[in-house]
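below: sequence and its predicted model.
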Amino acid sequence: MRTARRQADWNHVLYGLFAIAILGLSWFGGLFVERWSLSSIKTTAVERTLLYKSTLNNAISRLRYLPMVISRHPVISDLLEKHQGLAEARTYLSSINTASNGAVIYVLDKTGRTIASSNWQQAKSFEGNNYGFRPYFKQALAGREGRLFAIGVTTKRAGYFFSRPIYARQQTKTVLGVVVVKVELEQLQSEWQEGGENVFVTSKDDVIILSSNLDWIYKTTKPLSIKPREKIAASRIFEEQSLDPLDFKGSQQQFQGPVSINRVQYHAFASQPDQNGLTVYYLAELGAAKNAKWLSMILLLTVGFLSLMIFLYLRERTRKLVLDKEAREARRIKRINEQLEAEINTRKHVEKELRNAQKELVLATKMAALGRMSAAIAHEVNQPIAAIRTFAASGKLLLERGNSEDAVLALDDISKMTERLALITGDLKLLARNSNEQHSRVDLRVAIANSMKLFDAEFHSNDVAIRRTISAHPVWVEGSLTRIEQVLINLIRNALDAMSVRTNQHQLIVSLKVENNQAVLRIEDNGIGLSSKVAEYLFDPFFTTKPLGEGTGLGLAISYGIVEEMGGKLRARNLPRGGASFSVRLGLAPEPVEHKILETAR
Ligand code: ADP
């Protein structure tokens with residue numbers, strides 16, 4: 001019970017650990033997927049940033065060399081030097097503009113006034129406008145290449161301006177005017193917008209000039225300080241735009257890092273500022289990585305807990321199967337027990353009946369034995385009584401006649417008859433085993449010799465061959481010599497009776513030896529042997545096969561009682577060669593100290 005409880009506790013701890021392991025694995029798995037996803041996003045982002053930068057550069061630099069080519073054209077030189085050929089110049093500029101797919105090309109004189117432009121035919125023609133305030137004009141006038149991103153003063157459209165000085169044909173140092181090519185980037189911007197990615201370009205003053213998100217245009221990534229703001233206002237680069245700072249958080253020094261714009265998290269990648277001071281920002285959305293993280297966490301959790309559930313289910317099922325099997329087995333054992341119990345009850349009942357039958361049988365046997373005994377006693381007693389009566393009558397007659405001598409003889413006969421009666425009652429007393437004789441040490445060799453002596457005459461007259469195999473040493477047992485002799489006399493008597501029926505040479509074997517610390521005495525004959533019926537009732541009192549008056553059937557019963565009383569065993573068996581063998585086994589008595597003295601005395 002206690003072990004089962006401890007096991008259950010352990011199981012709970014184990015399941016808890018499993019659950020923690022699943023949670024941990026899911027958490028780390030999610031983090032791993034997020035990192036992996038981020039690294040893949042970053043790799044792509046770096047490539048995208050470079051791509052955007054190169055498309056921007058291409059878009060801007062495409063017409064970068066056009067001003068230099070135009071500045072050297074004779075039509076333009078004539079227009080500035082000789083103030084003639086306006087129509088040719090206009091045609092030239094618009095044809096170049098159309099062919100190069102630029103926004104507008106125009107020529108300024110030394111004061112910054114537009115004297116010819118490719119859009120001369122349009123309502124918002126630049127001709128007559130003065131752009132002397134634009135830095136690109138000043139730069140070109142100073143003999144340098146000018147470049148500027150700005151919102152068009154006339155068109156209000158943003159673009160990139162490239163300018164070159166126009167020199168007098170003979171004097172290469174005299175600047176007559178300036179040629180300007182404007183490239184508009186709106187096409188590029190709409191392409192970026194369509195691309196659906198977050199990308200923007202900042203000028204060197206950190207003003208967003210191009211963006212896939214139109215809300216961010218002309219916002220700054222950090223607040224503008226007064227000086228650059230004044231400079232910008234003077235050159236009217238961003239016209240009326242207020243250049244408010246964008247809600248932008250994140251280090252701008254970093255080439256890449258996390259940023260938040262309008263409270264949306266991105267991972268920003270910024271290109272190195274190009275020669276125009278433009279920086280391309282590519283903003284990677286982290287939602288995908290976060291989604292991948294949560295998705296994989298949920299997936300791992302689901303798979304983990306599902307596995308745990310399946311494991312628990314299978315475990316529970318196996319346990320149930322085992323319990324079912326055990327219950328089936330218990331039921332089977334119970335059934336067997338019940339059957340056994342029923343069988344035992346039946347057996348007990350049968351046994352009881354058997355015992356009753358046995359009791360009845362014993363009673364019947366006893367009654368039969370009692371009948372036999374009564375008959376035997378009546379027969380044995382009647383004879384002497386009848387004889388006594390006859391002797392008494394003849395004694396009386398003899399006394400009446402005065403023949404006192406014969407009367408005395410008759411009285412002697414009466415006395416003999418009473419002796420016989422005493423013998424019978426003595427035998428019956430023996431059967432009752434109420435002998436008070438004292439036990440002493442008996443040498444069985446002496447008992448044998450005494451008993452055999454009584455039959456000497458009979459042996460002789462019946463021509464019985466005697467074979468003695470007697471131990472050379474005394475064989476001491478504890479008991480009564482007369483009673484042992486009585487047993488031996490009974491056995492020898494029976495042997496002689498059994499042999500008398502047969503006509504063969506009568507042979508009696510008497511042996512005495514010590515086996516396993518026991519005295520073993522055997523009386524063997526070659527008589528009629530023991531039939532199975534005789535063997536069954538052999539030791540029963542009053543069982544006899546001898547004619548009435550010859551045997552009382554008490555001899556073996558008394559002998560059996562005597563030997564049992566001495567703690568020994570009396571057994572009978574048939575011999576293979578014919579005849580019966582009776583054995584008496586008695587425990588040895590300790591060797592007496594006066595053994596030798598007794599021996600010498602005898
Ligand atoms: P009894 O000698 O008065 O008949 P026992 O008790 O001594 O009474 O013997 C019982 C019977 O056992 C005998 O009547 C006899 O049939 C049988 N019996 C005893 N000893 C022998 C023997 N040595 N051989 C054959 N039968 C024997």
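That came through, no problem. It should be emphasised that the depicted structure is a prediction, and the values quoted were computed from it without experimental measurement. Numbering: from 1, shown residues only.

can you pull the residues of the stretch 401-550 of the chain lying near the ligand?
Residues of the stretch 401-550 of the chain lying near the ligand by CB under 6 Å from any ligand atom: 490, 494-495, 498, 525, 527-528, 530, 534, 538, 543-546. Any C-beta I mention is one placed from the backbone N, CA and C, and that applies to glycine too.

what subset of those is buried?
Using 16 or more other CB atoms under 10 Å as the burial test, those include 490, 494-495, 498, 525, 527-528, 530, 534, 538, 543-544 as buried.

of those, which belong to strands?
By the criterion of DSSP state E, membership of these in strands covers residue 525.

which two among the residues of the stretch 401-550 of the chain next to the ligand are spaced furthest apart?
Greatest spatial distance among those (CB to CB): 525 and 543, at 18.8 Å.

if you count neighbours, what's buried in stretch 343-361?
By neighbour count on 16+ other CB under 10 Å, the buried set for stretch 343-361 is empty.

only alpha carbons, please: show that stretch as PDB.
Written as PDB, here are the backbone C-alpha positions of stretch 343-361 (Å, rounded to 0.1, in the frame of the first residue of the first chain):
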ATOM      1  CA  GLU A 343     -14.500 -31.000  -3.100                       C
ATOM      2  CA  ILE A 344     -13.100 -30.800   0.500                       C
ATOM      3  CA  ASN A 345     -16.600 -30.700   1.900                       C
ATOM      4  CA  THR A 346     -17.700 -33.600  -0.200                       C
ATOM      5  CA  ARG A 347     -14.600 -35.500   0.900                       C
ATOM      6  CA  LYS A 348     -15.200 -34.600   4.500                       C
ATOM      7  CA  HIS A 349     -18.700 -35.800   4.200                       C
ATOM      8  CA  VAL A 350     -17.600 -39.100   2.500                       C
ATOM      9  CA  GLU A 351     -14.900 -39.500   5.200                       C
ATOM     10  CA  LYS A 352     -17.500 -39.000   7.900                       C
ATOM     11  CA  GLU A 353     -19.700 -41.600   6.300                       C
ATOM     12  CA  LEU A 354     -16.700 -43.900   5.900                       C
ATOM     13  CA  ARG A 355     -15.800 -43.400   9.600                       C
ATOM     14  CA  ASN A 356     -19.400 -44.100  10.600                       C
ATOM     15  CA  ALA A 357     -19.300 -47.200   8.400                       C
ATOM     16  CA  GLN A 358     -16.000 -48.200   9.900                       C
ATOM     17  CA  LYS A 359     -17.300 -47.700  13.400                       C
ATOM     18  CA  GLU A 360     -20.300 -49.800  12.600                       C
ATOM     19  CA  LEU A 361     -17.900 -52.400  11.100                       C
END
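
contacts for it?
Applying CB atoms under 8 Å, 6 or more residues apart in numbering, stretch 343-361 has no contact partners.

average model confidence for it?
For stretch 343-361, mean pLDDT is 91.

how far off centre is that stretch?
Taking the mean of its C-alpha atoms, stretch 343-361 sits 52 Å from the chain's own mean (CA atoms, centre = their mean, to the nearest Å).

so can I have a markdown table of the buried ones among the residues of the stretch 401-550 of the chain next to the ligand showing pLDDT?
Compiled in a markdown table, those are given as follows (pLDDT from 0 to 100):
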| residue | pLDDT |
| --- | --- |
| 490 | 93 |
| 494 | 95 |
| 495 | 96 |
| 498 | 95 |
| 525 | 97 |
| 527 | 95 |
| 528 | 95 |
| 530 | 96 |
| 534 | 95 |
| 538 | 93 |
| 543 | 85 |
| 544 | 87 |
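
of the buried ones among the residues of the stretch 401-550 of the chain next to the ligand, which belong to helices?
Here DSSP state H is the test, and these give 490, 494-495, 498, 534 as lying in helices.

let me know the closest of the residues you listed to residue 576.
Lowest distance from residue 576 to those (CB to CB) belongs to residue 498, with 16.3 Å.

so who does that closest one touch?
Neighbouring residues of residue 498 by CB under 8 Å, 6+ apart: 525, 527-529, 579-580.

quick revisit: output the residues of the stretch 401-550 of the chain next to the ligand in a markdown table, with distance to residue 569 appended to each entry.
Listed next are those as a markdown table, based on distance: CB to CB, whole Å:
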| residue | distance to residue 569 |
| --- | --- |
| 490 | 16 |
| 494 | 18 |
| 495 | 19 |
| 498 | 21 |
| 525 | 20 |
| 527 | 22 |
| 528 | 24 |
| 530 | 17 |
| 534 | 19 |
| 538 | 14 |
| 543 | 19 |
| 544 | 23 |
| 545 | 24 |
| 546 | 25 |
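
which one of these is nearest residue 16?
Relative to residue 16, the closest of those is residue 538; by CB to CB it sits at 83.8 Å.

surely the closest one and residue 557 touch.
No. Residue 538 is not in contact with residue 557 according to CB atoms under 8 Å; the separation is 9.1 Å.

look up how far residue 119 lies from residue 9.
90 Å (CB to CB, to the nearest Å).

could you do residue 219 as well?
30 Å.

show me which residues of this protein sit near the ligand.
Residues of the chain found near the ligand (CB under 6 Å from any ligand atom) are 490, 494-495, 498, 525, 527-528, 530, 534, 538, 543-546, 551-553, 555-557, 580.

surely residue 477 is in a strand?
Yes. With DSSP: H, G, I helix; E, B strand; the rest coil as the criterion, residue 477 is assigned to a strand.

can you give me phi and psi for the closest residue to it other than its chain neighbours?
Distances taken as CB to CB, 6 or more residues apart in numbering place residue 586 nearest to residue 477, at 4.4 Å, with adjacent residues excluded. With angles defined as degrees, to the nearest 10, residue 586 sits at phi -130, psi 150.

scan the protein for its longest helix.
In the chain, taking DSSP H as the definition, the longest helix is helix 287-401.

in terms of secondary structure, what does the helix or strand just after that helix contact?
Using DSSP states H and E, the next helix or strand after helix 287-401 towards the C-terminus is helix 404-431. Contacts defined by 3 or more CB pairs under 8 Å, 6 or more residues apart in numbering; DSSP states H and E place helix 404-431 against helix 287-401, helix 555-565.

switch to 6 Å and redo it
Here helix 404-431 touches helix 287-401, going by 3 or more CB pairs under 6 Å, 6 or more residues apart in numbering; DSSP states H and E.

the helix it packs on vs helix 555-565, what angle?
Angle between the axes of helix 287-401 and helix 555-565 is 130 degrees (criterion: axes from the mean of the first three to the mean of the last three CA atoms, to 10 degrees).

where does the prediction get shaky in the stretch 51-200 of the chain?
Along the stretch 51-200 of the chain, segments meeting pLDDT under 70 span 171-172.

what is the neighbour count of the residue in it positioned nearest to the ligand?
The nearest approach of the stretch 51-200 of the chain to the ligand comes at residue 196, 129.6 Å away (CB to the nearest ligand atom). For residue 196, the neighbour count with other CB atoms under 10 Å is 7.

rewinding a little: dump the buried ones among the residues of the stretch 401-550 of the chain next to the ligand to JSON lines, plus distance to residue 509.
Converted to JSON lines, those look like this (distance: CB to CB, whole Å):
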{"residue": "490", "distance to residue 509": "17"}
{"residue": "494", "distance to residue 509": "14"}
{"residue": "495", "distance to residue 509": "9"}
{"residue": "498", "distance to residue 509": "13"}
{"residue": "525", "distance to residue 509": "8"}
{"residue": "527", "distance to residue 509": "12"}
{"residue": "528", "distance to residue 509": "16"}
{"residue": "530", "distance to residue 509": "16"}
{"residue": "534", "distance to residue 509": "20"}
{"residue": "538", "distance to residue 509": "20"}
{"residue": "543", "distance to residue 509": "25"}
{"residue": "544", "distance to residue 509": "24"}
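
let me know the closest of the buried ones among the residues of the stretch 401-550 of the chain next to the ligand to residue 231.
Set against residue 231, the nearest of those by CB to CB is residue 538 (151.0 Å).
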